[in-house]
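Novice: Sequence and computational prediction follow.
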There are 2 protein chains.
Amino acid sequence: MSRWRPDARERLQQAALDLFAEQGFAATTVPEITARAGLTTRTFFRHFADKREVLYADDAEVPAMVATMMAEAPPSAEPLALIVEGLRTVAETRFEPRKAALLARRELVRTDAGLQERDLRKRAVMSEAIREGFQARGVDPARAALLAETSVTLINVSLAEWLDAPDDRKLYDIILETLATLRSALG
Amino acid sequence: MSRWRPDARERLQQAALDLFAEQGFAATTVPEITARAGLTTRTFFRHFADKREVLYADDAEVPAMVATMMAEAPPSAEPLALIVEGLRTVAETRFEPRKAALLARRELVRTDAGLQERDLRKRAVMSEAIREGFQARGVDPARAALLAETSVTLINVSLAEWLDAPDDRKLYDIILETLATLRSALG
DNA sequence: TATGGTGATGACACGACGTGTCATCACAGG
DNA sequence: CCTGTGATGACACGTCGTGTCATCACCATA
């Protein structure tokens, strides 16, 4: 038997999610989490930068994934088509299969200002990745920033709607509708 | 003579800004700030919700101002025209006269992740105010959310560009350019 | 003039977060 | 068998932010 039970990170994450669901985010202390996971407080902060990060561990690689997608797309691809295609992949691989978890997280975030700020930061990181992706493709900086912010707006507005929609609604379809709405609004 | 020197809030704000400029945000403690202002730590937190808020005190009333403007605009106004006109007012009254302060704040925010999160939260609050303004005018929820997010994107992308532009460039002109760029990018 | 209310501040304790640092010790590789 | 490595424990510590009670100039009113 090894010195410690394996999967410390996963145990911490599970304990944290359980406790947040039971008593809320703010009311849960890090020592409580680590006690349930059978570890020490210090170890929690070796795996997660802070208490909020544990809620976003599953999304850590998404920006890099987006960057890769953008780098590998054919040079001829139009920015808007690139966005739509990218959002489709992210929607299908990262969001559609996790609706319940995303709903639970949204509920938690709603209750805590600090979590809202962290949520916004994650969006900003995503926007930054997209912006860099466009700039690497030769799009000029101002346009790249604008396209990136707009992409993030598209996914977030659509995501919010999808989370409240019946289960048979596809996120990708909502994204397309949202894009159409945006176009008509700027008409 | 009154029991305490007046303007406690302003003194705290000034002391904080000075110290942040001298030693950075993270390296400055709240007791340092209050010592310089001649007050106690507890008093700081009576005037500002947390250490970061002191940097945003001057913008506290902006969302309410936007809400008022939107409520008072003639019912016939088109959403897009409303946005442009609103951004013009905000640009001229709240941003143009404060370029130096805004540059200094941006520099501080750049150095601290926590400040970045707070900055994003302020944008989200603004977006929320705009969204509610549109909904109160009868715009349907999805469209209102989209218009609000897009408005905030417009002002932020434009603001970033304006802060780096020569002093004779007008923020409002940059906003118009940004809007044109956005239209063409979605075209 | 007296009196009682009010509102801003001080003083103090405290819990929680997050970090620095050193010790421990199973495990892998030579 | 030996040695380095990497994950964890143990512990101290600084900072943030809140709860609570005391203080006391100022003000309104009788």
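Specialist: Yes, it's here.
Novice: Name the nearest residue to the most centrally placed residue in chain A, sequence neighbours excluded.
Specialist: Of all residues in chain A, the one closest to the mean position by C-alpha atoms, centre = their mean is A:Asp59, 5.0 Å from it. Nearest non-adjacent residue to A:Asp59, counting by C-beta to C-beta, 6 or more residues apart in numbering or on different chains: A:Lys122, 6.6 Å away. C-beta here means a position set from N, CA and C on the backbone, and glycine is covered the same way.
Novice: Per-residue pLDDT of that neighbour, please?
Specialist: The per-residue pLDDT reported for A:Lys122 equals 98.
Novice: re the thing from before, my guess is the residue nearest to the centre of chain A meets A:Asp119, correct?
Specialist: No - here A:Asp59 does not reach A:Asp119: they are 10.4 Å apart, not a contact under C-beta atoms under 8 Å.
Novice: need the residues of chain A near DNA strand C, please.
Specialist: Contacts of chain A with DNA strand C, taken as C-beta under 7 Å from any atom of the strand, map to A:1-3, A:28-31, A:41-42, A:45, A:49-52.
Novice: from those residues, which are also near DNA strand D?
Specialist: Applying C-beta under 7 Å from any atom of the strand to the residues of chain A next to DNA strand C, one finds that A:Arg3, A:Thr41, A:Arg42 fall near DNA strand D.
Novice: pLDDT check: weakest of the residues you listed?
Specialist: Among these, A:Arg3 has the lowest pLDDT, at 80.
Novice: Quick check: closest non-adjacent residue to A:Ala67.
Specialist: In this structure, A:Ala67 finds its nearest non-sequential neighbour in A:Ala129, 5.1 Å apart by C-beta to C-beta, 6+ apart.
Novice: ok, now which ones touch the one you found?
Specialist: By C-beta atoms under 8 Å, 6 or more residues apart in numbering or on different chains, the residues touching A:Ala129 are A:Pro63, A:Ala64, A:Val66, A:Ala67.
Novice: Just the buried residues out of these, in ChimeraX syntax.
Specialist: What follows is the ChimeraX syntax for the buried subset of those, where burial is set by 16 or more other C-beta atoms under 10 Å in any protein chain shown:
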select /A:63,66,67
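Novice: Including secondary structure, could the contacts of A:Ala129 go into CSV?
Specialist: Below are the contacts of A:Ala129 laid out as CSV (DSSP: H, G, I helix; E, B strand; the rest coil):
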residue, secondary structure
A:Pro63, helix
A:Ala64, helix
A:Val66, helix
A:Ala67, helix
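Novice: got the contact list for A:Ala113?
Specialist: B:Arg121 are the contacts of A:Ala113 under C-beta under 8 Å, 6+ apart.
Novice: Backbone dihedrals for it, both of them.
Specialist: Dihedral pair for A:Ala113: phi -60, psi -40, per degrees, to the nearest 10.
Novice: returning to that earlier point: what distance do you get for the residue nearest to A:Ala67 to A:Ser151?
Specialist: Using C-beta to C-beta, to the nearest Å, A:Ala129 is found at 10 Å from A:Ser151.
Novice: A:Ser127 now?
Specialist: Applying C-beta to C-beta to A:Ser127 and A:Ser151 gives a distance of 7 Å.
Novice: again, but for A:Leu103
Specialist: A:Leu103 is 23 Å from A:Ser151, by C-beta to C-beta.
Novice: Which of the two has more residues huddled nearby?
Specialist: The residue with more neighbours, out of A:Leu103 and A:Ser151, is A:Ser151; 25 against 12, by other C-beta atoms under 10 Å in any protein chain shown.
Novice: residues in contact with that one?
Specialist: Counting by C-beta under 8 Å, 6+ apart, A:Ser151 makes contact with A:Ile83, A:Gly86, A:Leu87, A:Ser127, A:Ile130.
Novice: what's the burial count for the third one?
Specialist: Translated: A:Leu87. 24.
Novice: cool, and the last one?
Specialist: Burial measure for A:Ile130: 27 neighbouring residues, criterion other C-beta under 10 Å.
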